[in-house]
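Colleague: Sharing a model prediction with you, sequence too.
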Amino acid sequence: LLFQKPKPKISASRRLFLKTKLLKKAMTMLENEKQFKKDERERILAERVPDLQISGLSLQELQNFCKQLHQKIDVVDEERYDIALKVTKNDKEIQDLSQKIFDLKGKMKRPNLRRVRVSADAMLGALLGSKVKESVDFKANLKTVKKEEEKKEEVTDWRKNVEAMSGMEGRKKLFDAGQ
């Protein structure tokens, strides 16, 4: 009851009527297009391939005509073979390139972006570039951290260390070192 669908502006019967009318129009347009393509094909074939006039030709003329047809067929077959090789070569190249693209997309991961705090001066400097009158010194805004140097004890032979720490003298050294 909270979310009621708005009533459609067109009734269901009207929508169905319009849909069927559109489909009928599309069907007729498709049939007209098929007929046009068929007529166009026949017209082009009539231009390129004239009717054969073989009646009244002698045996020698028919043989010469057949030889000419065979030569034309050979030329067309050679062209078809060359084009088929080019197509297979291009298909192979397309497949290789698409595989490379797939590999590149799969390996690359987008890093998680972190929110960065930028001061107002730095923001103006980034937006305006060299137009900013006062130069922003980023190093001045950085905190300085002093590193404490850890005392390193020299590593010596453990046997000597045990002998030095044994007895009351060694315990006194440990006590003094702890303070």
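Modeller: Sure, I can see it. Residues are numbered from 1 along each chain as shown.
Colleague: what's R117 sitting at in phi/psi?
Modeller: phi -90, psi 130 (degrees, to the nearest 10).
Colleague: now it: how far from M123?
Modeller: 10 Å (C-beta to C-beta, to the nearest Å). (C-beta placed from N, C-alpha, C; glycine too.)
Colleague: The two: who's more crowded?
Modeller: M123 (11 against 5; other C-beta atoms under 10 Å).
Colleague: Can you tell me how far E40 is from R48?
Modeller: Counting by C-beta to C-beta, the gap between E40 and R48 amounts to 12 Å.
Colleague: which residues are in contact with stretch 36-54?
Modeller: Around stretch 36-54, the neighbours that count as contacts under C-beta atoms under 8 Å, 6 or more residues apart in numbering are 62, 65.
Colleague: buried residues in it?
Modeller: Using 16 or more other C-beta atoms under 10 Å as the burial criterion, none of the residues of stretch 36-54 qualify.
Colleague: quick one: average pLDDT of the helix or strand containing K25?
Modeller: For K25, the host element (DSSP states H and E) is helix 12-48. Mean pLDDT, computed over helix 12-48, is 95.
Colleague: Repeat that for stretch 52-67.
Modeller: 88.
Colleague: Now that stretch - C-alpha only, PDB.
Modeller: Extracted C-alpha coordinates of stretch 52-67, given in PDB (Å, rounded to 0.1, in the frame of the first residue of the first chain):
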ATOM      1  CA  LEU A  52      24.800 -17.400 -73.300                       C
ATOM      2  CA  GLN A  53      24.500 -17.400 -77.000                       C
ATOM      3  CA  ILE A  54      25.700 -20.800 -77.900                       C
ATOM      4  CA  SER A  55      23.300 -21.800 -80.600                       C
ATOM      5  CA  GLY A  56      24.800 -21.700 -84.000                       C
ATOM      6  CA  LEU A  57      28.400 -22.000 -82.800                       C
ATOM      7  CA  SER A  58      30.700 -24.600 -84.400                       C
ATOM      8  CA  LEU A  59      32.400 -27.300 -82.300                       C
ATOM      9  CA  GLN A  60      35.800 -25.400 -82.400                       C
ATOM     10  CA  GLU A  61      34.100 -22.100 -81.200                       C
ATOM     11  CA  LEU A  62      32.300 -24.000 -78.400                       C
ATOM     12  CA  GLN A  63      35.600 -25.500 -77.200                       C
ATOM     13  CA  ASN A  64      37.300 -22.100 -77.200                       C
ATOM     14  CA  PHE A  65      34.300 -20.700 -75.300                       C
ATOM     15  CA  CYS A  66      34.700 -23.500 -72.700                       C
ATOM     16  CA  LYS A  67      38.400 -22.800 -72.400                       C
END
